[in-house]
Every structure is written in C-alpha cells, then in structure tokens.
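Participant: What would the 3D arrangement of this be:
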Amino acid sequence: MSNTTLYSNESISSSRKKIIVLGSGPNRIGQGIEFDYCCVHGLLAIKECGYEAIMINCNPETVSTDFDMADKLYFEPVYWEHLWEIIELEKPEGVIVQLGGQTALKLSRKLHERGIKIIGTSFDNMDIAEDRGRFSDLLKELEIPYPNYGTAFSADEAIEVANKVGYPVLVRPSYVLGGQRMRIVINDEEVEKACISIFKHLPDNKILIDHFLDRCQEAEVDAIFDGENFHVMGVMEHIEPAGIHSGDSNAVLPAFNLSPLLVATMEFYSEKIARALNIKGLINIQFAIKNNNVYVIEANPRASRTTPFIAKAYQIPYLNIATKVMLDKAKLTDFNLEKKLEGYAIKEPVFSFNKFPGVNKELGPEMKSTGEAIRFIKDLRDPYFRTLYKERSMHLSK
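Facilitator: This is a model prediction of the structure:
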C-alpha cells in the first residue's frame, strides 16, 4: 500500500486579469474593522475596472470575507507562505497592500523581492516612509521640520542617543502595529527598561528614539495623490494632549482650533511629501504643533483608521476613488470631490476595558482602543464637545 499523500486543489484559475487585495487578518488593537471597509470598497472598484477581484483574509467577522463580495475569496492567514502559493496559481496583474493596514503593508518587501507588482506606491517609496532614518533624511532634504531622532541596536546605544536628542524621548521599536512597546521616558534608567522590554518581546528589532514634543497639539492629514493631482481628504485635530496614541484620541473633522495658516502649512507639507515619495493612492501624515511650528511625526503610505471615517463624514467614496487611482484607471479630476458636512464630525475611540478588567486603563503612546465611532455636532457649543475640550484643557494644565 502506498504511503503517498494525495493533495487536491479546488481553486481553478481563470484567464481573466486579476488583482489581489490583502486584508488585515484578525481584528486586534491597532488594526480593526476600519480596514475591512477599505478592502470592501477596493474590491468593488476593482470589479468596476473590469478585473477579477481576489480577496485574501482570514477573519470571519468581516464583510470582505462574505462569499459574494470578491470574485474569489481565499480564506487564509495573511502570511507570506500562503500568499506566495496563491500568487503562483493565480498569476495576478498585481497586489494591493494599501487597504489592509500594517499587516498587508509588511508583506510588500517579500512581494518586491519576488518581483511581484505592487499596485500603487512602489515598495521603495513605502519603505522610505516606514523607515524612520530614511524618512527623516527625506524631511531634512525637503526642509520640513521634525523632532530630533536617532536609532539604536542596544540599550547602551539608546541611552547615548536619548541624551543627544534630549529628554523626554519616545522609545519605540520599528515596524510595529498600534504603538506596540512604545514608551515616553525621562531618564537613562527608563530608557534601559524600555529597551529590555522591546528586545525581550521583539528580538533583533531596531529601536527608534525621538525627542518628545511635550504639551503640543496633534493633528493628521489623510490625502490621495494620483501622480499629478493632490487632494486632502481631511484634516483632523486631536482633542487629547500629545503622548496619547492617535487611535485612542478623540479627533475633530475639520480642525477646530488651528489657524488657517497652520492648516495650510500641514497641507503644504503633506503634498511635498506625497510628491517626493511618488505616492500613487493613499497617504496619512501625523503632525505635532508647538509654539505655532508644525512638525511631521510620521507618514503612513496606506489607508489609515480614519480614512473610512472621513469618507462617511464627507459622503465621498474615497476608497473607491483611491483604488481606481492605484490601478491607473482614473485621475482625481474625474471625480466630484465636493465635501458635504454641516458642522463637525467627532471620532470617538471605543474601548473594551470591561472585557479585560486586569488591563491598565491609563492611556499613553501604546494604543488600547478596539474601534471607533462617529458623532456629528452642529457647532462647537455642543455640550458633548465642550466636555471633551474641558478635559483636554485640564490635562494640559497639569
């Protein structure tokens, strides 16, 4: 009797041109249902452009894994081994990594190394945005202000860098999700503890040390660039003070307490960065404002958690538009981008502390929220907003 194991393949590849969309995998802190919205609208846009839309995701709680959403669904973990086998069978025109959050974006290096086309922004340009050293060099070249920073591969190096950039500093590992293991520290001893924690849980990881701009305002810009035209989807101002992760902060769309000059400066810097990185599709840029100076904290060359929020608030199908831009099937000038919002939209973080009673509820640079909600207000006299802003003022006065 033969011991040979027989394997069968139920997936039959069609002769149509195909585009693969990478999802974000299981819902977890730093990467929730927001990216499912992005993937769903991306799939619809791919179909509208005449391609076969293929979805790879392993989350049964998402709409993107509904059997009739994509032309073909691979219910598989979003890992390289699974992805490569699917690519070998389907031979797609390319893979979209901008819609599935950080999980999908991390696979771009492997795709690039194997010669698989990444739809939209190239791997090298995405890597510049993700690599703190390369990104800071770009900002310096563009004459855009940013906090002093340094990188280290040991605790001793980290202490040396921290003293050079000046306390307080933000210590964090590179290429992580939701601010994992990120800490604000004020002396050498705390730097050492933070580094030991990072190396214990994320061995061989490069450590980033940034000067922390205390008592500053934070804001972010989400935008689309098609290679020629630049469009700001939204400018959101955070209510919580600096030091609280953007995913845990209440945020207001549009900005409510920033001067027109500061908003224009953020939009100007965003366009310079998008053009320098040759972005094709989406980009999210985080800013810190202190003493009327605008500093760039980081850039994410993908859909952010706030992209669906802005699309819903302004009633514009931004994810559909961005996907068609990535596919070179449309320009921004082909769409009506008139924004419809009376008053303001507030992003409310959703926490699940009641399900995890032992978790520290104190907010900081490491994200703890598990989702977000939207609240519309007519004006800034709204009692809900006034309470939020009063709490922010109390934080800043401490």
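Participant: average model confidence for whichever helix or strand residue 110 is part of?
Facilitator: Using DSSP states H and E, residue 110 sits within helix 108-113. The average pLDDT for helix 108-113 rounds to 95.
Participant: Domains in this protein, by residue range?
Facilitator: The record's domain parsing of the chain by automatic domain parsing lists 18-119, 148-211, 217-397.
Participant: how about those, which one is nearest residue 135?
Facilitator: Closest of those to residue 135 is domain 217-397, at 6.6 Å (criterion: C-beta to C-beta). C-beta here means a position set from N, CA and C on the backbone, and glycine is covered the same way.
Participant: tell me the contacts of residue 90?
Facilitator: 13, 18, 20, 54, 72 (C-beta atoms under 8 Å, 6 or more residues apart in numbering).
Participant: try residue 154
Facilitator: Counting by C-beta under 8 Å, 6+ apart, residue 154 has contacts residue 195.
Participant: Distance check, it against residue 185.
Facilitator: 16 Å (C-beta to C-beta, to the nearest Å).
Participant: Then residue 349?
Facilitator: In terms of C-beta to C-beta, residue 349 sits 24 Å off from residue 185.
Participant: from the chain's centre, how far out does stretch 329-343 sit?
Facilitator: 22 Å (C-alpha atoms, centre = their mean, to the nearest Å).
Participant: before we move on, what about stretch 126-138?
Facilitator: That offset, for stretch 126-138, works out to 15 Å (C-alpha atoms, centre = their mean).
Participant: what's in contact with that stretch?
Facilitator: 97, 105, 108-109, 118, 146, 149, 151, 174-175, 208, 210, 273, 276-277, 283, 298-302.
Participant: Just the buried ones among these, please.
Facilitator: Burial by neighbour count, 16 or more other C-beta atoms under 10 Å: within the contacts of stretch 126-138 this picks out 97, 105, 108-109, 118, 146, 149, 151, 175, 208, 210, 273, 276-277, 283, 298-302.
Participant: Which of the residues you listed fall within helices?
Facilitator: 105, 108-109, 273, 276 (DSSP state H).
Participant: coming back round to it: out of the domains of the chain, deepest packed?
Facilitator: With neighbours defined as mean count of other C-beta atoms under 10 Å, the domains of the chain peak in mean count at domain 18-119, which reaches a mean of 20.
Participant: Now do that one: distance from first to last residue.
Facilitator: 12 Å (C-alpha to C-alpha, to the nearest Å).
Participant: which residue ranges form the strands in the stretch 51-200 of the chain?
Facilitator: 52-57, 72-75, 94-96, 149-152, 169-173, 183-185 (DSSP state E, counting those that start in this stretch).
Participant: looking at these, which is closest to residue 310?
Facilitator: strand 94-96 (19.5 Å).
Participant: I'd like to know which elements the closest one is packed against.
Facilitator: strand 18-22 (3 or more C-beta pairs under 8 Å, 6 or more residues apart in numbering; DSSP states H and E).
Participant: tell me what the strand it packs on is packed against?
Facilitator: Counting by 3+ C-beta pairs under 8 Å, 6+ apart, strand 18-22 packs on helix 34-48, strand 52-57, helix 80-90, strand 94-96.
Participant: any chance of these in a markdown table, with mean pLDDT and distance to residue 196 too?
Facilitator: Formatted as a markdown table, the helices and strands packed on strand 18-22 follow (pLDDT from 0 to 100; distance: least, C-beta to C-beta, whole Å):
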| stretch | mean pLDDT | distance to residue 196 |
| --- | --- | --- |
| helix 34-48 | 95 | 32 |
| strand 52-57 | 96 | 35 |
| helix 80-90 | 94 | 30 |
| strand 94-96 | 97 | 37 |
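Participant: Of the ones you listed, which is nearest residue 363?
Facilitator: Here helix 34-48 is closest among the helices and strands packed on strand 18-22 (C-beta to C-beta), at 19.1 Å.
Participant: Counting by contacts, list what that closest one packs against.
Facilitator: strand 18-22, strand 52-57, helix 307-314, helix 318-326.
Participant: Take those and write them to TSV, including distance to residue 240.
Facilitator: Below are the helices and strands packed on helix 34-48 laid out as TSV (distance: least, C-beta to C-beta, whole Å):
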stretch	distance to residue 240
strand 18-22	31
strand 52-57	31
helix 307-314	16
helix 318-326	25
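Participant: Could you find the residue nearest the spatial middle of the chain?
Facilitator: With distances taken as C-alpha atoms, centre = their mean, the residue of the chain nearest its centroid is residue 304 (3.7 Å).
Participant: distance of residue 377 from residue 50?
Facilitator: 42 Å.
Participant: How about residue 128?
Facilitator: 32 Å.
Participant: cool, residue 263 as well?
Facilitator: 39 Å.
Participant: Next: residue 229.
Facilitator: Distance from residue 229 to residue 50, counting by C-beta to C-beta: 23 Å.
Participant: one step back: and of the strands of the stretch 51-200 of the chain, who's closest to residue 233?
Facilitator: Shortest distance between residue 233 and the strands of the stretch 51-200 of the chain, using C-beta to C-beta, is found for strand 94-96: 18.0 Å.
Participant: what's the spacing between that closest one and its chain's center?
Facilitator: A distance of 18 Å separates the centroid of the chain from that of strand 94-96, by C-alpha atoms, centre = their mean.
Participant: who's in contact with that strand?
Facilitator: Residues contacting strand 94-96 (C-beta under 8 Å, 6+ apart): 19-22, 42, 46, 83, 87, 104, 111, 116-120, 323, 326.
Participant: how about a cut-off of 10 Å?
Facilitator: 17-22, 38-39, 42-43, 45-46, 51, 53-54, 56, 83, 86-87, 104, 107-108, 111, 116-120, 281, 302, 322-323, 326-327 (C-beta atoms under 10 Å, 6 or more residues apart in numbering).
Participant: How about stretch 376-388?
Facilitator: 239-240, 250, 252-253, 256-257, 313, 341-346, 348, 375, 389.
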